[in-house]
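In: Build me a model from this:
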Amino acid sequence: MGRMPGWVRFLDDKRVPVVLCLLLYAAVAVRTAWLCDDAYITLRTVDNFIHGYGLTWNVAERVQTYSHPLWMFVLAAFYAVTHEAYLTTVVLSLVISVAAVFLFAFKIAPSSRAACLGIIALTLSKSFVDFSTSGLENPLSHLLLALFLVSYFHRATGPKAIFLLSLLASLIMLVRLDLVLLVFPALAQRWSETRSRQSLVALAVGLLPIVIWELFSLVYYGFPFPNPAYAKLGTGIAQTQILAQGAHYLEAVLRADRLLVGIILGAVGYALFRWRRGASPLAVGIILYLGYIVWVGGCFMVGRFFTAPFLIAVALIGLAGPRFSRKTWIIMYGLVIVLGLTSRYAPVYSSPDFGSDRFQWGFGYGIGDERLGYFQQTGLVTGGGWRARPTHKWIDDGERFRAAGTSLVSCAGVGFVGYYAGPKTHIVDILALGDPLLARLPCVHDINWRPGHFGRQAPEGYLETLRTGINQIRDPFLAAYYDTLSIITRGSIYDLRRLGIILAMNLGRYDYLLDRAEPVMLEANMADYSTPRPAGAPWWRHEHLMIPTRGVRINVGTVSHARQLDVSLDGDDDYRLIFLRDRQASDSLVISAAEHPQGGLAVHRCDIPPHAVETGFDAIVIIPHGAGRQYALGHILLLP
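Out: You can find the predicted model right below:
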């Protein structure tokens with residue numbers, strides 16, 4: 001017989017179904033590609049870096065706002081060529097994501113059957129597809145984890161193999177430090193198989209990248225961890241509440257992506273109890289990592305922190321394939337397809353209209369579908385075609401600040417605003433991700449706090465300090481702390497005195513200044529709480545103001561001589577109201593708990609003390625007194 005034509009040989013090749021599945025994944029990833037606001041926090045640093053301002057976020061101070069240094073440097077390398085943020089980030093994310101899936105299919109999966117099953121699972125997973133783009137570090141973590149798995153299951157031993165594994169583990173830690181929990185048990189297992197002096201040296205040499213980065217971070221930024229770590233982990237919220245939030249995050253991921261959760265549970269269980277060799281350390285790593293995610297309270301982006309363990313779980317399922325019977329394979333394919341296609345969140349159903357109706361945006365407890373929230377503004381295939389740049393009201397704000405030459409802005413959504421405002425605008429991030437002082441102050445939170453969104457109140461005089469460059473912070477202890485912190489973030493890197501301060505700061509020797517400082521009080525405007533609430537209304541409603549134990553200052557907006565006050569407060573606590581003019585107290589009154597609060601708001605109509613009426617007041621401080629730790633204001637009105 002003559003030689004078969006090339007196209008016939010291609011169709012007969014068992015790799016054809018794998019290639020078709022890979023193309024399906026790529027098509028779905030392109031169709032759902034998007035960027036989130038948080039990605040532009042890193043892109044602001046990238047832009048400053050490329051334009052010669054150093055690895056800064058606000059050019060006046062060295063603060064590490066990104067938690068993924070390797071991803072930041074990869075973005076910077078391409079941004080230096082394109083000088084364009086949106087398409088550069090989207091295309092780079094897509095290429096790296098497809099490369100990670102390609103590695104799984106042709107280097108990890110032992111057969112085309114296993115490869116196709118894995119790619120189908122990845123394509124039907126909402127979490128994995130959503131964060132195959134987004135502008136966050138997930139694609140690079142997927143690629144490096146795939147390379148780690150290729151090296152790990154190659155079963156090579158000796159110093160060279162240990163060096164390669166430790167080097168990949170080090171790079172994974174440079175993508176996100178907490179990802180080490182996924183790979184550490186496997187790395188330890190491989191090293192324990194040799195435990196020679198040469199292997200120990202190879203292990204140490206392979207870990208040099210993360211060691212070098214940490215030393216650089218200490219010298220350049222003054223701290224070993226990114227600023228968001230201090231902002232998010234030092235909130236003062238009880239650990240029991242954090243754990244409860246972590247449990248809610250698990251529940252939200254299950255609702256959004258049951259295919260992902262099912263595969264993770266199945267892979268971990270099978271690896272631990274049926275297939276121990278080589279697989280169990282990876283299963284232990286998944287358990288450690290997910291335990292950590294719960295411990296820190298999860299994330300506000302549903303599914304974001306589950307994509308890396310999901311990729312490992314898919315790989316474990318594929319590698320266990322030779323142990324499966326034909327019947328088992330049929331069941332596996334059926335379960336994956338049914339679980340994936342019966343989910344209303346399956347990415348294969350996504351269209352350019354995705355996100356037009358945001359009524360299903362939230363999963364409760366501050367956890368949301370971030371792609372749904374941003375897709376219409378930043379999706380690659382929305383806006384009637386292929387998008388060249390995102391459109392968002394925060395982008396308009398940033399461009400307006402740049403055009404007006406605004407030097408100082410205080411806001412919460414700082415990604416789009418910060419990048420488009422440019423380096424000449426100093427952004428005061430009230431969530432403290434980019435502010436070194438606010439990140440070290442207790443957060444202002446309520447019972448409805450959202451993961452990763454822990455607001456801070458700027459100390460009196462802090463904004464004036466940033467605006468003028470002269471320390472005007474009124475609290476003497478905070479002023480002294482800021483002076484010391486500024487030497488680290490703004491002083492010369494070559495100042496040897498600065499190195500001693502860095503050491504002392506990281507050892508906690510300046511914490512006493514924070515402990516002695518007056519608590520920063522929450523502020524609110526009376527106009528925002530002027531709608532009367534009925535007695536008995538649930539005090540925990542989102543439209544009510546949750547009052548911290550240190551109280552809240554209600555700004556009246558003008559000097560008032562009103563004689564009466566109508567206010568609703570939670571019914572089972574006492575409150576002291578202090579009337580201020582120009583921040584000086586003129587008089588006060590006490591409101592006692594209602595006799596029959598019934599678990600809701602109690603409405604009080606009170607006479608304002610005569611001295612406060614006579615002198616006038618422009619603010620009212622409300623300080624709770626009670627056995628509980630949950631206090632709320634429904635409304636507050638001034639009456640003639």
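
In: and the nearest residue to residue 230 once chain neighbours are set aside, how many neighbours?
Out: Nearest non-adjacent residue to residue 230, counting by C-beta to C-beta, 6 or more residues apart in numbering: residue 439, 4.4 Å away. Every residue, glycine included, has its C-beta placed from N, CA and C. If you count neighbours by other C-beta atoms under 10 Å, residue 439 ends up with 26.

In: In a helix, residue 439, correct?
Out: Yes: when DSSP: H, G, I helix; E, B strand; the rest coil is applied, residue 439 is found to be in a helix.

In: List the residues that contact it.
Out: Contact partners of residue 439, counting by C-beta atoms under 8 Å, 6 or more residues apart in numbering, are 227-228, 230-231, 234, 432-433, 456.

In: all strands for this structure, in order.
Out: Taking DSSP state E, the strands of the chain run over residues 408-411, 426-429, 522-525, 545-547, 552-560, 564-570, 574-581, 584-591, 601-607, 617-625, 631-639.

In: Residues contacting the fifth one, please?
Out: Contact with strand 552-560 is made by 521-527, 529, 545, 580-581, 616-622, 633, 636, 638, as judged by C-beta under 8 Å, 6+ apart.

In: Recalculate using a threshold of 6 Å.
Out: Strand 552-560 is contacted from outside by 521-526, 616-622, 638, using C-beta atoms under 6 Å, 6 or more residues apart in numbering.

In: Measure how it sits relative to strand 631-639, angle-wise.
Out: Interaxial angle, strand 552-560 versus strand 631-639 (axes from the mean of the first three to the mean of the last three C-alpha atoms, to 10 degrees): 10 degrees.

In: Report the mean confidence score over strand 552-560.
Out: Averaged across strand 552-560, pLDDT comes to 91.

In: That one pairs with which strands, parallel or anti?
Out: Sheet pairing of strand 552-560 (DSSP bridges) gives strand 522-525 (parallel), strand 617-625 (antiparallel).

In: thinking again about what came up before, in a markdown table, list the strands of the chain along with distance to residue 349 and mean neighbour count.
Out: Converted to a markdown table, these look like this (distance: least, C-beta to C-beta, whole Å; neighbours: other C-beta atoms under 10 Å):
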| stretch | distance to residue 349 | mean neighbour count |
| --- | --- | --- |
| strand 408-411 | 35 | 16 |
| strand 426-429 | 36 | 24 |
| strand 522-525 | 42 | 16 |
| strand 545-547 | 38 | 20 |
| strand 552-560 | 45 | 16 |
| strand 564-570 | 44 | 22 |
| strand 574-581 | 51 | 19 |
| strand 584-591 | 53 | 15 |
| strand 601-607 | 43 | 17 |
| strand 617-625 | 48 | 20 |
| strand 631-639 | 40 | 21 |
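
In: Let me have the strands paired with strand 552-560 in CSV, adding distance to residue 194 and mean pLDDT as columns.
Out: Shown next, in CSV, are the strands paired with strand 552-560 (distance: least, C-beta to C-beta, whole Å; pLDDT from 0 to 100):
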stretch, distance to residue 194, mean pLDDT
strand 522-525, 57, 82
strand 617-625, 62, 90
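
In: Make TSV out of those and add distance to residue 567.
Out: Formatted as TSV, these follow (distance: least, C-beta to C-beta, whole Å):
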stretch	distance to residue 567
strand 522-525	13
strand 617-625	8
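
In: who wins for proximity to residue 352 among the ones you listed?
Out: Nearest of the strands paired with strand 552-560 to residue 352, taken as C-beta to C-beta: strand 522-525 at 39.5 Å.

In: For this protein, spot the helix or strand the model is least confident about on average.
Out: Every helix and strand in the chain was compared by mean pLDDT, DSSP states H and E; the lowest is helix 6-12, with a mean of 47.

In: how long is stretch 575-593 end to end?
Out: By C-alpha to C-alpha, to the nearest Å, the extent of stretch 575-593 from end to end equals 8 Å.

In: what about residue 442, neighbour count?
Out: Count around residue 442 with other C-beta under 10 Å applied: 18.
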